[in-house]
Every structure is written in structure tokens, then in C-alpha cells.
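J.: 3D, please:
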Amino acid sequence: MSLRKSSYISKPLALLTIAHGVTDLSQGALPAMLPFLKNYFQLTYAQVGAIVLTQNLTSSVIQPIFGYLTDKIFLPWLIPVSLLLAGVGMAATGLATSYSLLLFTIVVSGLGIAGFHPQASKSAHLISSAATKGRSMGTFSVGGNFGAAVGSIFMTFLLSGPGSITNTIYFLIPAALMALLAWQSLPHISPQAASASTAAPAPKVSVHTLPWGLLTTLLSFIFIRSSIHTGLSTYIPLYYADYLSGSPLYASYLLSAFLIAGVIGTYAGGLLSDRFGRKTVIIVSTALSMPLIFLFQFTSGFATVLLAAITGLTLISSFATTVVMAQEMMPQHIGMASGLTIGFTIGLGGIGATILGYVADHFGIPFVFTILTLLPVAGLFFASFLPGKLFQRDIHATSGH
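T.: The predicted structure is shown next:
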């Protein structure tokens with residue numbers, strides 16, 4: 001038996017997972033910076049929300065464009081180049097001397113993040129078997145969520161050291177090293193190499209015959225979940241550092257607990273979706289998140305850290321599940337499916353964060369948490385219309401799996 005067949009995680013998938021983590025270091029670092037940026041530039045909550053929106057628009061909303069291109073053209077170089085661009089942009093944020101320049105550096109980093117995900121997630125899908133799509137995407141997604149969590153911790157560490165905000169320059173080191181490794185490993189992680197070795201042929205599906213109604217429902221759910229996740233990652237640190245006048249470092253630790261636990265939830269959700277079905281994982285995780293968010297304003301100390309971790313684990317456990325579900329709906333448009341689910345719809349969650357910024361300015365942050373507590377109801381509404389296990393079996397049968 002070859003190493004590839006006997007390994008739980010193949011080498012190409014491991015490389016893609018690590019690259020995903022390094023890329024998302026930059027995405028996870030920004031929320032940890034927000035309390036510092038708010039004080040440094042004397043920003044309003046609306047301006048803080050605009051920072052989040054800028055990152056989401058450039059790093060996520062435009063991902064379907066890259067997804068469309070990767071479905072049409074072989075662009076393996078996007079992986080290492082995008083890796084480097086994401087790191088360069090984040091490294092430069094601490095050197096910005098004005099709010100406008102700060103937004104520009106975030107745009108640069110965002111474009112790198114946007115270019116990476118469709119090509120890399122398409123490769124992760126193609127190198128996995130039909131029976132392990134959820135697990136493989138869960139593994140790949142763990143890299144991103146782990147990177148986002150470590151990015152938050154790394155940024156907190158840098159901001160607390162000598163040099164403070166200018167220490168962001170150190171984000172260039174992991175980006176450059178991983179970009180070089182990814183460039184050297186392109187033959188192993190390219191879609192062509194993957195499809196030739198393990199992937200089953202996709203069915204002939206015209207874009208006109210895709211289940212657009214179900215896809216729209218799925219994307220609507222992801223938008224709601226993303227608004228909740230982005231809202232929590234933005235306003236958890238601001239609530240404790242600004243509204244409660246606590247330590248910005250403590251607020252960053254809460255955010256790190258929220259994001260790190262999400263890593264575990266992402267992988268566990270992928271495994272559970274292979275066993276119990278995509279829809280089950282989506283509905284259960286969404287329903288459980290509601291009471292958890294509600295409790296945030298009634299806890300303190302270690303209980304808040306624990307609550308942040310449990311909430312992160314629960315809320316984001318459906319992440320890999322929704323990506324795989326979209327890829328199953330669009331078997332010949334995997335790059336586009338990845339761009340829509342990982343990028344576009346999640347990026348629109350930044351609009352929710354901006355709206356919540358205006359709400360916080362006029363009604364206070366506690367009211368923001370009230371809204372976040374109620375949003376899972378809308379998520380459950382859309383999730384109730386999603387297909388269950390029967391749909392997955394039909395897709396697999398149709399595709400020759």
C-alpha cells in the first residue's frame with residue numbers, strides 16, 4: 001500500500017492546509033488590532049466597521065472572480081503569489097501613517113487572501129475521495145481557522161512588545177517562507193496532479209441546470225452565519241476593552257479563545273457531516289449558538305473565556321460542511337463554489353459588521369449583542385430548506401462516486 005493511500009492526511013493536503021493557515025494569519029490578525037487602531041487613529045465604531053468591511057470586500061467578496069478564473073484557466077501560481085501578497089499587506093499595516101493608508105494596506109492583504117482560497121480549496125476537493133470530502137475540507141478549513149486564531153495571538157504578542165504597532169512587519173517572515181515552499185511544491189498540489197491521481201470524474205452539469213434555488217438558500221444561510229461570526233470577532237474585543245474599560249490584551253485573549261476553539265469545531269463538524277449529514281450539523285450548530293451568545297453579557301473572568309471558546313467551537317462547526325455542500329451542488333464549478341462559500345457570502349458578513357458599527361455608535365455595544373443573539377433564528381429559517389442526506393447520495397451517485 002502506498003504512503004498516499006495509507007496516510008490519514010496526504011502530503012498535498014497537508015501542504016495546502018499549512019499554506020491556508022499562513023494565509024489566514026493576516027485575516028485573523030486584524031480583529032486583534034482593532035482596539036489599538038481605534039485608539040491610535042481616534043476612530044468611531046463606524047470607521048472600525050469600515051475597516052472590517054474593507055478587508056471582507058477585498059479578501060472575500062471578490063473570491064468568486066478568482067473562482068471563475070480557476071475553473072477556466074490553470075493558475076497554480078496563485079497559491080504562492082497570493083500567500084506572499086497577504087503577508088506583505090498585513091506587514092505594512094503597522095507602518096501606515098493615516099487612516100487612508102491603513103485601508104490601502106488592508107486592500108493589498110485582502111487581495112492576496114482572495115486569490116489563494118478558490119485555487120487552494122479546489123485542489124483540496126480534487127485530491128480527496130467522495131467518502132472523505134467532509135473530512136478533507138474540514139482538515140483544509142482547520143488550517144485557515146487555526147491560522148486566523150494564531151494570527152490573533154501573534155498580533156497580540158507583537159503589539160505588546162517593544163515597537164508596538166510597527167511590529168506587524170514580522171508577518172512578512174512566515175508568508176515569504178511558506179510562499180517559497182508552496183512554489184516548490186506546485187507539482188504536488190496542482191489540480192491536474194490531483195485529478196489524475198485520486199479524483200473521480202465530475203458529472204456533466206451545465207451552469208443552467210445547477211440547483212440555483214438551493215444554492216441561494218445555502219448562501220443566505222452562510223451570510224447570516226458570517227454576520228454573526230464577524231460581528232462576534234469584531235465586538236467581543238471592543239466590548240471588553242472599550243465598553244467595560246478592560247485591558248485590550250485580555251480582550252485579545254478572549255478573541256483568541258473564540259477563534260482557536262473554532263478550529264476544533266471546524267474539523268469536528270466536517271467529520272460529523274460525513275456521518276450524520278450536512279444539514280444536521282448546520283441546524284444543530286446554529287440552534288446551539290443562540291443561547292451561548294445570549295450569555296456573553298452575564299459572565300466575567302474565566303467563565304467568559306470558556307464561553308467564548310464554546311461559542312466559537314459551536315458556531316463555526318458548520319463551515320467546512322457548507323463548503324462541501326456547495327461543491328456537491330456545483331461539481332463542475334468547484335472553484336466558483338469555493339469562492340462563493342468561503343469568499344463572497346462570508347465577505348458580505350462584513351457589511352453586517354459595518355451596520356453593527358452604526359448600531360453601536362447610536363445604541364451601544366450591548367444592543368449589538370442582542371441583535372447577534374437573534375440572528376441565528378434567521379439562519380435556522382434558511383437552513384430548514386436545505387437538502388438532507390438523500391440529496392448527497394443522489395449527487396454522489398450521479399457523479400459516479
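
J.: burial measure for residue 373, as a count.
T.: By the measure other CB atoms under 10 Å, the count of residues near residue 373 is 19. In short, each C-beta sits where N, CA and C put it, glycine included.

J.: for the one helix or strand it maps to, packing partners?
T.: Following DSSP states H and E, one finds residue 373 within helix 365-383. Judged by 3 or more CB pairs under 8 Å, 6 or more residues apart in numbering; DSSP states H and E, the packing partners of helix 365-383 are helix 212-238, helix 278-294, helix 345-363.

J.: what's the angle between the last one and helix 365-383?
T.: An angle of 150 degrees separates the directions of helix 345-363 and helix 365-383 when computed by axes from the mean of the first three to the mean of the last three CA atoms, to 10 degrees.

J.: secondary structure class for residue 300?
T.: coil (DSSP: H, G, I helix; E, B strand; the rest coil).

J.: go on, residue 80?
T.: helix.

J.: my guess is it meets residue 180, correct?
T.: Yes. Taking contacts as CB atoms under 8 Å, residue 80 lies within contact range of residue 180: 7.4 Å.

J.: quick one: which of these two has more around it?
T.: Per other CB under 10 Å, whichever of residue 80 and residue 180 has more neighbours is residue 80, with 22 against 13.

J.: who's in contact with that one?
T.: The contact partners of residue 80, taken as CB atoms under 8 Å, 6 or more residues apart in numbering, are 179-180, 182-183, 186.

J.: okay, it and residue 16: tell me how far apart.
T.: Using CB to CB, to the nearest Å, we find residue 80 at a distance of 12 Å from residue 16.

J.: let me see the backbone angles for the residue nearest to residue 358 when sequence neighbours are not counted.
T.: Of all residues not flanking residue 358 in the chain, residue 46 sits nearest, at 5.4 Å (CB to CB, 6 or more residues apart in numbering). When read as degrees, to the nearest 10, the backbone of residue 46 gives phi -60, psi -40.

J.: tell me the domain boundaries of the chain?
T.: For the chain, the TED database gives the domain ranges 11-190, 210-390.

J.: what angle do the helix holding residue 373 and helix 212-238 make?
T.: 160 degrees.

J.: now do the buried residues in helix 365-383.
T.: For helix 365-383, a neighbour-count test (16 or more other CB atoms under 10 Å) marks 365, 368-369, 371-373, 375-376, 378-380, 382-383 as buried.

J.: what's the local residue count around residue 177?
T.: 13.

J.: rounded mean pLDDT for the helix or strand harbouring it, please.
T.: For residue 177, the host element (DSSP H and E) is helix 172-184. Average pLDDT, helix 172-184: 92.

J.: over to stretch 23-34?
T.: On average, stretch 23-34 scores 87.

J.: and of the helices and strands packed on helix 365-383, who's closest to residue 168?
T.: Minimum separation from residue 168 across those (CB to CB) falls at helix 212-238, 16.8 Å.

J.: chain center to that closest one: distance?
T.: Helix 212-238 sits 11 Å away from the centroid of its parent chain (CA atoms, centre = their mean, to the nearest Å).

J.: specify the angle between it and helix 278-294 in degrees.
T.: 30 degrees.

J.: buried residues in helix 212-238, which are they?
T.: Per 16+ other CB under 10 Å, helix 212-238 contains these buried residues: 214-215, 217-238.

J.: what's the average pLDDT for the first helix or strand past that helix going along the chain?
T.: Downstream of helix 212-238, the next assigned helix or strand under DSSP H and E is helix 248-276. In this model, helix 248-276 carries a mean pLDDT of 83.
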